[in-house]
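Chemist: Starting from these lines, generate the structure:
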Amino acid sequence: MKFRDGYWEIRKGVHPINLVNNIDSKAADGSLSVWTTNQQLSRPGERVVGIPLITTEFSSPLAGVIRVRMYRHRGGRERGPEFPLTADRTEHTTIDEDPDSWTLRTGSGEKTLRAVVEKKSWNVSFYRGTEAITSISGRHSGHVTVENERTYMVQYLTITVGESIYGLGERFTAFVKNGQSVDCWNEDGGTASEQAYKNIPFYLSGRAYGVLVNNPGRVSFEAASEVVSTVQFSVAGEMIDYYIIAGEDPKDVIRRYTALTGRPALPPAWSFGLWLSTSFTTDYDEKTVTHFVNGMAERRIPLRVFHFDCFWMKGCRWVDFEWDQEQFPDPAGMLERLHGRGLKICVWINPYVAQKSPLFDEARAKGYLLKRPNGDVWQWDRWQPGMGIVDFTMPAAAAWYSGKLRELLNMGVDCFKTDFGERIPLDVVYYDGSDPQRMHNYYTYLYNKTVFELLEQERGKGEAVVFARSATLGSQRFPLHWGGDSTATYESMAETLRGGLSLGLGGFGFWSHDIGGFERTATADLFKRWCAFGLLSSHSRLHGNQSYRVPWDFDDEAGEVLRFFTELKCRLMPYLWTLAVESHTQGLPLLRAMFLEFPEDPGCACLDRQYMLGDSLLVAPVFSPSGMLEYYLPAGTWTNIISGERIESSGVWRKEQHSYFSLPLLARSNSVIPLGNNPTRPDYDYADEICFHVFEQTDGTSITAPVYNGSGIPESCFTLKRRGQSYTARHEGAVKPWKLLLQGVHSAGVLVEDGAAASRTANVKDSPEGLEVWGGQV
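Modeler: Purely as a prediction, here's the structure:
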């Protein structure tokens, strides 16, 4: 939302109260308070009457994080909801005073974050160590009244030359947000517009700091788009609350941000396998489902989850949680038969109840649906005729909804696709008195929390997973999320990746998308390219709208391509599972924008058509029917783990041609990629017969690869040290067969330290790929 007319003028009808002179300041209980007027005072201590006063409070919830709360009038009634954030603490905060300023420090060390606040004129700057990272522009920030009735609080934080701004949720516009106006307001807008299903009021700067605005309602951002040397953000009302989060590098900022906002639960390992859907408006019954499952098995394509989309229920009744008996006369038996084939089952749900559903009258009578101010149930016909919306602020309504889902779990359903949750109206009254403006975005948090917690109760922690479309800040706690309604085009495939990379910067570790696109039907060419991208994402689902997504509907080769990349992903699971545990414990995404891993390489600042899968693998999907692509390769030695090609790069763009069974999937130097022994499923004993592929280890280094079991508990750990042409391999933990492959090395001495056993000179075999070493119980 813009308030200025150019740089010099204010827009018509806009009346600002800016920050000019501080008339008082005080430190107490780990917090610093400053009172500021918009008047230029002639002398210190001048008596002032009849002028507005802005209060600013500085505090800290965590080391490396400073909270700023600024308000004018605070007598308004406080209405929820509030984001569940870490509360302010004082043990890591110090406040120092000198004659001219206050300094609030949080944390310790040379690069501690501090706010320096002048005592007289408004001047507030934030430093990481000695480095200034941003400041609050008092000339522009403060309170705004528009048309003499609507009030806003607005902040302008400075950015510097070459500084890039990222994030703000799953956004499909340009990856770097400089020059964009962004409203954090959930909408069902597809993947080809400025609207977003998942709006997160947090932006990350390429200079290793982030800003989180603590308001679940509409937050408007002007990222170098109003005053181009600032990021401006505003909220309606009399108070703005935000956090400055600084780190050693961008990944460290995400760690601190997720320590504040929450980290993803660890999803079950089976969820990383291939999901196949009925698609949306297609015709299907048990015979169709069986045909699909048989077709995948006949083509030896590993399938782990089968998803039933909306029409498992009769139309115009969503939701009633009752199987369509004409299409599925024996649902319990069908689910048992599918389980017998090693499949997990997902069914589609949404938080709405159509008037034709038998549940509508029950929910209406018990007050479980959102109401209009006059007490009527809020209804409309958009999506389902006469539908109402479950009020999850009412504990009884949430329990009722959970109870209906529990019946499905008892029947054999394993997880739920929690669709929708974006079009939440404002002209409603909530059971707990929540503000509808603040609930619009926050509704999805309560919806998915209700479903996820039920799954944890019924299936146990580590076995809960949803497939959610909408989200807000904190929703990352309830994995996983998918990119919404893309289209079967290369352009939409690219915008989908942009959205996923942007979302990952907000702490969302697990993310998926509809392979082949949702709208329309992909060409065989596009489908096969999207298969590679989809299976090199954290989660992988075949799903569409009006047509099926079984590979044989495209061409014969599509099944072979799908099998190739599904088997590759299954073998990569020891590596991917380590990343999953890292996301659960540190908040880092599996799909990472290039600048996260290479923050000092300016060539990576704007890249959005490639990504790092964890810290060690570069992935560059092919976005062209010609099979030609250009991608940027940071400096170093890289090895394509599909072809074995070794590439020396000085930080250059490369142009390559790839078949459908190939793409740039490159391991960086000094990395260990553990590959499992099972190409047919994602959940297995990763430590058994694991192969540690070591790429281009430099002299004098030590590299480590932990191996976790299916519960995320360390089972073994592999460490390799290199000194000249001698390597020492140490394997600790589970006593199971393992293998080491020194990729590209054909002459070296290897000493093995296998657990508590004595060191021994390894039996080494030279292969075309490199030296092979075996250990454990062979």
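
Chemist: Now do the helices in the stretch 151-300 of the chain.
Modeler: 250-261, 286-298 (DSSP state H, counting those that start in this stretch).

Chemist: Turn those into JSON lines, including distance to P216, mean pLDDT and mean neighbour count.
Modeler: In this view, the C-beta of every residue, glycine as well, is placed from N, C-alpha and C. Output for these, formatted as JSON lines (distance: least, CB to CB, whole Å; pLDDT from 0 to 100; neighbours: other CB atoms under 10 Å):
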{"stretch": "helix 250-261", "distance to P216": "12", "mean pLDDT": "98", "mean neighbour count": "23"}
{"stretch": "helix 286-298", "distance to P216": "39", "mean pLDDT": "98", "mean neighbour count": "16"}
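
Chemist: Reformat those as JSON lines; add distance to Y490.
Modeler: Conversion of these to JSON lines gives the following (distance: least, CB to CB, whole Å):
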{"stretch": "helix 250-261", "distance to Y490": "29"}
{"stretch": "helix 286-298", "distance to Y490": "26"}
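
Chemist: Compare these and give me the one nearest E326.
Modeler: Nearest to E326 among these is helix 286-298; the distance by CB to CB comes to 11.0 Å.

Chemist: Quick one: distance of the next helix-or-strand element following the closest one to the chain centre.
Modeler: Note on helix 286-298: by DSSP states H and E, the next helix or strand toward the C-terminus is strand 305-308. Relative to the centre of its chain, strand 305-308 is centred 23 Å away, using CA atoms, centre = their mean, to the nearest Å.

Chemist: And for stretch 640-660?
Modeler: Stretch 640-660 has its C-alpha centroid displaced from the chain centroid by 28 Å (CA atoms, centre = their mean).

Chemist: Start and end of it, how far apart?
Modeler: In stretch 640-660, first residue to last residue: 15 Å (CA to CA, to the nearest Å).

Chemist: That stretch: which residues count as buried?
Modeler: Neighbour-count burial for stretch 640-660, with 16 or more other CB atoms under 10 Å as criterion, is recorded at N640, I641, I642, E656, H658, Y660.

Chemist: OK, contacts around the fourth one?
Modeler: What that stands for is E656. M628, L629, Y631, P664 (CB atoms under 8 Å, 6 or more residues apart in numbering).

Chemist: Of the residues you listed - the most surrounded one?
Modeler: P664 (23 neighbours; other CB atoms under 10 Å).

Chemist: circling back: for the buried residues of stretch 640-660, which two are the farthest from each other?
Modeler: Maximum pairwise distance among the buried residues of stretch 640-660 (CB to CB): 17.0 Å, between I641 and Y660.

Chemist: Show me the strands in the stretch 401-550 of the chain, by range?
Modeler: With DSSP state E, counting those that start in this stretch applied, the stretch 401-550 of the chain shows strands at 415-418, 481-482, 511-512, 514-515, 540-542, listed in chain order.

Chemist: Please compute how far the second one lies from its chain's middle.
Modeler: Right, strand 481-482. Mean-position distance between strand 481-482 and its chain equals 9 Å (CA atoms, centre = their mean).

Chemist: returning to what we had before: of the helices of the stretch 151-300 of the chain, which approaches R171 most closely?
Modeler: Closest to R171 of these, according to CB to CB: helix 250-261, at 16.7 Å.

Chemist: other SSEs contacting that closest one?
Modeler: Applying 3 or more CB pairs under 8 Å, 6 or more residues apart in numbering; DSSP states H and E, one finds that helix 250-261 makes contact with strand 199-205, strand 209-213, strand 239-246, helix 573-586, helix 594-597.

Chemist: tilt between the third one and strand 209-213?
Modeler: Here strand 239-246 runs at 160 degrees with respect to strand 209-213, directions being taken by axes from the mean of the first three to the mean of the last three CA atoms, to 10 degrees.

Chemist: elements contacting strand 239-246?
Modeler: Against strand 239-246 (3+ CB pairs under 8 Å, 6+ apart) you get strand 65-71, strand 113-118, strand 124-128, strand 131-136, strand 150-158, strand 209-213, strand 230-236, helix 250-261.

Chemist: still on that earlier bit, make a markdown table from the contacts of E656 and add distance to D485 and pLDDT to it.
Modeler: Formatted as a markdown table, the contacts of E656 follow (distance: CB to CB, whole Å; pLDDT from 0 to 100):
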| residue | distance to D485 | pLDDT |
| --- | --- | --- |
| M628 | 28 | 98 |
| L629 | 25 | 98 |
| Y631 | 27 | 98 |
| P664 | 28 | 98 |
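
Chemist: Point out the ones among those that are inside strands.
Modeler: Counting by DSSP state E, the contacts of E656 place M628, L629, Y631 in strands.

Chemist: so of the helices and strands packed on helix 250-261, which one's packed in deepest?
Modeler: Of those, the one with the most neighbours on average (mean count of other CB atoms under 10 Å) is strand 199-205, at a mean of 27.
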